[in-house]
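> Predicted model, plus sequence, below.
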Amino acid sequence: MTDQDVSTKTAVALDAEGLSLKSVSLWQITWRRFFRRKSALVGLGILAVLVFIAITAPWIAPYDPYKPLIGIEKVQRREKPCIHLLGCPKDRPQHIMGIDGNVRDQFSRLLYGARLSLVIGISTVSFAIVIGTILGAIGGYFGGWVDNVIMRIMDVLLAFPSLLLAITIVTVLGPGLINALIAISIVSIPAYARVVRASVLSVREMDYVAASRALGGSDGHIIFKRILPNALTPLIVQGTLGIATAILEAAALSFLGLGAQPPTPEWGSMLGAERNQVFTAPHLVFYPGFAIMLTVLSFNLLGDGLRDALDPRLAHVSG
Amino acid sequence: MTRKMLTVIGTGVLLVSFILGACAQPTSAPAPQQPVATEAPAATEAPAATEAPSVTEAPAATEAPAEETPPPKVPIATYDGKSLSVPDCEYGGYIKSIEATDDYTVTFTLCKPDPAFEVKLGFGVFSIYPKEWIEATAGETTRTSEGLERPVGTGPYKIQEWKRGESVVLVKNPDYWDQELIKNAPETLIFRWSTESAARLLELQAGTIDGFDNVGPEDFEVVKNDPNLQLVVRPALNIFYIGMTNTYPPFDNVKVRQAIAMGIDRQRIVDTFYPPGSEVASHFTPCAIPNGCTGEPWYDFDPEKARALLAEAGYPEGFQTKLYYRDVVRGYLPQVANVAQDIQAQLKENLNIDAEIVVMESGAFIEASASGQLNGFHLLGWTGDYPHITNFLDYHFGKDTQQFGKIPPEIYEPLIEGGQIADVDAAAPVYERANNAIREFVPMIPVAHGASATAYRADVTNPQASPLGNERFVFSKGGDRDTFVFMQGAEPISLFCADETDGESLRPCEQVTEALFAFKINTTELEPGLAESCEPNADLTQWVCKLRQGVKFHDGSDFTAEDVVATFNMGLNPGSPTHVGNTNLWEYYDYLWGLMWK
């Protein structure tokens, strides 16, 4: 909706001036710039694979991620990976990432973990964006004491180290994945509120906003139809980078036993459960850690790419 | 402008602190039904701490009796230097009087027969200290640092130095009463500690220590296959069980409990998660303890029958419940999180019971389970304090125990009866009845007796892994080295062990102080210590103990009957000025004998 809005507006504006220029919307420019960045593309590629895995996990996972294989297959707990292509005897069952401490297939659990991580990242950030945007927009638009109250509360939230604050909130709510998500959302609200407020402040004084007001537009109309669509760019960047942070924080909470509860195949809790086996069974620590790293990396690359692409000041640099 | 701003900021901060304060409120008033919320802060720190307690308390862990703090009470005992006595037995403890009949005879008069009397006296916590030293080191609220760090005993070693955070150095006591024993013993005995079993193993492989306690379950094979090392498996004097509180539905139905007892493959748990040497529990009490294994062995694993029984009880589709545990590693439960998940998976697979895992902080978990407030399964265990069946059964299945809800008289009546019979064979039919009743009523499901192990360099003589955790290193020597270094899981809390419960404190104490009896190394068999013998009267209420003569304390004073009376006065008589220790809880004195107050 937003990009259409902006693009039509640009096109209309150009048409009105009667120029024969071929109209190129801001979003087209952005995409073009984005696709020229290799790192951003890599990020997008990894993310696409992750999304694919998350959606198709039940079909591509060779085993049930919850069911111990004791008595079903002749495998030892914490057994090293067995890959037929790499010379593991054919008569032994294939477990490409080995067996975990409860005799379950690590690979299947890792695949299911992708679902959780993406859901965690996207849901927490969406929640935080919705709340943060509302608060930031209200503060930025109305200014005065409303702005002061909202932003001071946000400052207080920001004053705590985010992970510690999340731990405190989970402590109060009780451990569990849902509560961890709520905690992470609350912790990340201030970042979005600030970003939105800053862009609202800069857009607020624009002529078209004044025009809208002169035409008798209500506050809600002006905020949601006129200001916010034009203040979204930094929010998109912040949100993409925020997903990475959220995934990391959720993994940290689960690692500490406050997030996903066993036997949920969450990467952080898988890592936490086997952390003492780092020397005896490195595969149980390596793969979940690597998966977290990869996911976070993909969102970070994507976010960086978007930021560069959306920043008009960098237009010349990146061509 | 700035003033306005400041006001706004101030109000905001105040507001947020109020909100936070309101949120924090529930934490300080934990409701038993929602233990989750209250437990979290500790769970936070679990990662760092899991290793430490694991090793720390494995050998002598008895948290349960520790939990209650008695309300203010009135001391009732009288002590005159030669005897300690109470006017009557209504205070509920065991001891009526302890009297020094002559210099080398002590007479214990008991309130009720105690078949485990001698075994209890052998426990290192009841070691004898010299009377003058007890008085001299009694500080105002705790022992003086001299009392906490340099106990004076009669043992084969005396304390030279406790380097905090590093080591405890003991040197041989040349005046020890058994010259034969100390002739070949190493001159210096050093205790060191490290919380990580991997780190302990590395030190042993490097040769910087002679032995260490609690080999990690993954390292059993490594130690076994190393020709320079030897592994000693500690006989399993413990029990891991799945508790159920029968005051909460559906656990109030005995058929449900029996169904669950048949529906869990205990062999699979032991095979998969326990180190070699561990056993599937056939009874609650380990077989190493006399009469522990009388009566029928536990149910066989039979999922078909279990499902049928569950359907008969009215739950053909299973039910939803919770599975509580604390993330603390113990000898009876070396891999707690994995075992919990396996039990969860088995309940789902065999009985279609959905059990949600709830991890609790250790102290709160013990409190909630001991008072019977957990409305689901709970995973807990017990490590024997002294090798007698009463130590296992009476604590868990006594009349007033709330841990499993209501204990039926079929179980607790034989226990009362058995508590008055000293002769092992005569008590056998009684305990057979008790064990069979436990099997029938299933207050809990005994799962495993978990083995742990120590590792030593190959040239260490008499390698020890005491089932009671009280290795006596005077019996061991590493090659021709004159220093023996033993590494345990944690630093001692204090060396005044009369008021300690922690196994890592008791072990060094064991080398320095001696009790009236001792245990033969690597067994639970009793041998004379400072007492040569104790003779009971016919109904086991009076024991006359003949003490060893010619024994000297490290400070040069003679060991006499008055020291025995003074030691028990210190431990049992809360009215005595010498009744000051480290924690001042005197847990073992209280729990095994009963403190003398009303």
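Now that the structure is in, tell me what you want to look at.
> Please enumerate the strands of chain A.
Using DSSP state E, chain A contains no strands.
> Kindly report the same for the stretch 401-550 of chain B.
Applying DSSP state E, counting those that start in this stretch to the stretch 401-550 of chain B gives strands spanning B:444-449, B:452-457, B:483-488, B:517-519, B:526-528, B:531-536, B:542-547.
> Run through who's touching the second one.
Strand B:452-457 is contacted from outside by B:58-59, B:201, B:204, B:207, B:210-215, B:219-220, B:223, B:228-234, B:236, B:275, B:277, B:331, B:334, B:463-465, B:471, B:476, B:478-479, using Cβ atoms under 8 Å, 6 or more residues apart in numbering or on different chains. Using the backbone N, CA and C atoms, a C-beta is placed for each residue, glycine as well.
> Where does the record place the domain boundaries for chain B?
With domains defined by automatic domain parsing, chain B comprises B:31-66+B:249-446, B:78-180+B:452-592.
> Relative to A:G132, which of the ones you listed is closest?
The minimum distance between A:G132 and those falls on domain B:31-66+B:249-446, with 25.9 Å, by Cβ to Cβ.
> circling back: the contacts of strand B:452-457 in strands, which ones?
B:211-212, B:229-234.
> ok, of the domains of chain B, where does mean pLDDT dip lowest?
Among the domains of chain B, domain B:31-66+B:249-446 has the lowest mean pLDDT, at a mean of 81.
> Please compute how far that one lies from its chain's middle.
Going by Cα atoms, centre = their mean, to the nearest Å, the spacing between the C-alpha centre of domain B:31-66+B:249-446 and its chain's C-alpha centre is 16 Å.
> Dump the domains of chain B to a markdown table, plus mean neighbour count.
Output for the domains of chain B, formatted as a markdown table (neighbours: other Cβ atoms under 10 Å in any protein chain shown):
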| stretch | mean neighbour count |
| --- | --- |
| domain B:31-66+B:249-446 | 20 |
| domain B:78-180+B:452-592 | 19 |
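> For the ones you listed, give me CSV that also has distance to A:L47.
What follows is the domains of chain B, written out as CSV (distance: least, Cβ to Cβ, whole Å):
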stretch, distance to A:L47
domain B:31-66+B:249-446, 30
domain B:78-180+B:452-592, 45
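> mind checking pLDDT for the residue in the stretch 101-250 of chain B positioned nearest to chain A?
Nearest residue of the stretch 101-250 of chain B to chain A (Cβ to the nearest Cβ) works out as B:E218 at 4.7 Å. Here, the pLDDT recorded for B:E218 equals 77.
> ok, now A:A137?
So, for A:A137, pLDDT stands at 91.
> and B:N291, what does it touch?
B:285, B:389, B:418, B:424, B:427-428, B:431.
> Tell me which entries of the residues you listed lie within helices.
B:389, B:418, B:424, B:427-428, B:431 (DSSP state H).
> Among the residues you listed, which one lies nearest to chain A?
Taking those together and measuring to chain A by Cβ to the nearest Cβ, the closest member is B:I389, at 33.2 Å.
> from what I can see the closest one touches B:E432, true?
No - at 11.4 Å, B:I389 does not count as touching B:E432 under the criterion of Cβ atoms under 8 Å.
> ok, residue 215 - how many residues close by?
No chain was given, so I picked chain A. 9 (other Cβ atoms under 10 Å in any protein chain shown).
> wrong one, I was asking about chain B
Neighbour count of B:V215, defined by other Cβ under 10 Å: 26.
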